[in-house]
Every structure is written in C-alpha cells, then in structure tokens.
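# With the input below, show me the fold.
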Amino acid sequence: MLVRAYLRASTNEQDASRARAQLEAFAEKRGLIIAATYVENESGAKLARPELFRLLADARPGDILLIEQVDRLSRLTAEDWQKLRRELDARQVRVVALDLPTSWMLASSTDDFTARMFSAVNSMMLDVLAAVARKDYEDRRRRQAQGQAIAKAEGRYRGRAEDVTRNAGIASMLKAGMSWSQIQHATGASRATVAKISKRQAAAQPHPSEHR
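Alright, predicted model coming up:
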C-alpha cells in the first residue's frame, strides 16, 4: 500500500505549503510514507487534470489517494464525478480525505469485513461531499455573476486587472518563437490569454503598405 498525495494548489504558494504540511503530518501520525506528491493547478470543476490522471496511472490496487479536502478532488458535475469514480474504482484506489473522518480507517490495516464496511460508508460520503462541493461552486459563480451584473449596471465594473508583468513575459516568449503550449506551461496562463496577446502583437505589426 502506497500513499499518493494530491494537491490541487491555488496560485497562493502559502496555501499549497500549508496543505502539503497537513497531509504529511496526517501520514506521519499513522506511520504512513507518502511515496509521491502530485501538484495540480487546474480547476476542480474540470475533469481534464493531467496530474490527477498521472497519479491514477501510477497507482496500484490498494494505494491511497490522500487529499486535504474532497473539493480538492472534485467540484465536478454529476456526470463527470461518476466518470472519475469509475476510474477510481477500476484502479481500486482508496480516497482518504482529511475532512472526511470516515475515510481515515481506509489508511489502516483492518479485517476484510471492517474494510468493506468503511469502504461502503466512505463511498456514500464521497458522493455527498462531491455534490456539496459542486453546489458551492455553482452558488459562488452565480453570486459572482449577479454582482458583476449589478456593478456593470451601475457603471462600477472594470473587469479583472491585467497582469502586465506576466503578459509582457508572454509577449517576449511569442517573439522568441515558443509554442502556445510551452508558454501556457511556463506561465500558467490560459490559451485564450496567449491568443489575445498574440493577436495584439499581430495588430501592432506595421502593415506592408506602410513601408511603401
């Protein structure tokens, strides 16, 4: 049995370090060794998460997927959550979350009956918390949209401030001939952002007729 820690980190490095420390403390208290740590910078509302699926590819039956909170694993729609659950079940990976005490027993050696009982309870609780996480995500998005609509109507909404330093770096990378995928990986920017800056660069280029 190997423990594989999964961190879906925000852009706040302090938060990521805190979560990592909590997972390591949990494992140490139970005499477990974390064999590998996988850090993701994708939204929990997306099923396409390379590090999560790399973890699952590396995992062997009986391995533990250790997370800080269930919402680090899923803010998925019901359909996508079921797809992920099928993948977890097929690979026989046990999900242990610090905010789900019923899962803690899965990190201990127990008899077959106890293991099956806690596995069944944990499965149900995972579904419940995944649904709660999704609802929280949708509620926050709805409140955000409502707030923006009110601000726009009152002339107060200016949108998200542009990350000038990052975007200047992206522009330099584009000029150097780096691919969009390489730039995304290096900066964490979305493809839409890279496309916007590329379009801005193209528009700034002098038209051939201007040199005549």
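
# how's the protein carved up into domains?
With domains defined by automatic domain parsing, the chain comprises 3-135, 164-204.

# Of all those, which one comes closest to residue 142?
Nearest to residue 142, of all the domains of the chain, is domain 3-135, at 10.4 Å by C-beta to C-beta. C-beta: built from backbone N, CA, C; applies to glycine.

# That closest one spans what distance, first to last residue?
29 Å (C-alpha to C-alpha, to the nearest Å).

# how far out from the middle of the chain is it?
Its chain's average C-alpha position is 12 Å from that of domain 3-135, according to C-alpha atoms, centre = their mean, to the nearest Å.

# Could you point out the helix or strand that follows the longest helix along the chain?
Criterion DSSP state H: the longest helix present in the chain is helix 112-153. Moving toward the C-terminus from helix 112-153, the next helix or strand (DSSP states H and E) is helix 164-175.

# Kindly spell out which helices and strands sit in contact with that next one.
Contact analysis of helix 164-175 by 3 or more C-beta pairs under 8 Å, 6 or more residues apart in numbering; DSSP states H and E lists helix 180-187, helix 191-204 as its packing neighbours.

# can you tell me the average pLDDT over the longest helix of the chain?
The predicted model assigns helix 112-153 a mean pLDDT of 83.

# Return the list of helices and strands in contact with it.
Packed next to helix 112-153, using 3+ C-beta pairs under 8 Å, 6+ apart, are helix 70-73, helix 78-90, strand 94-97.
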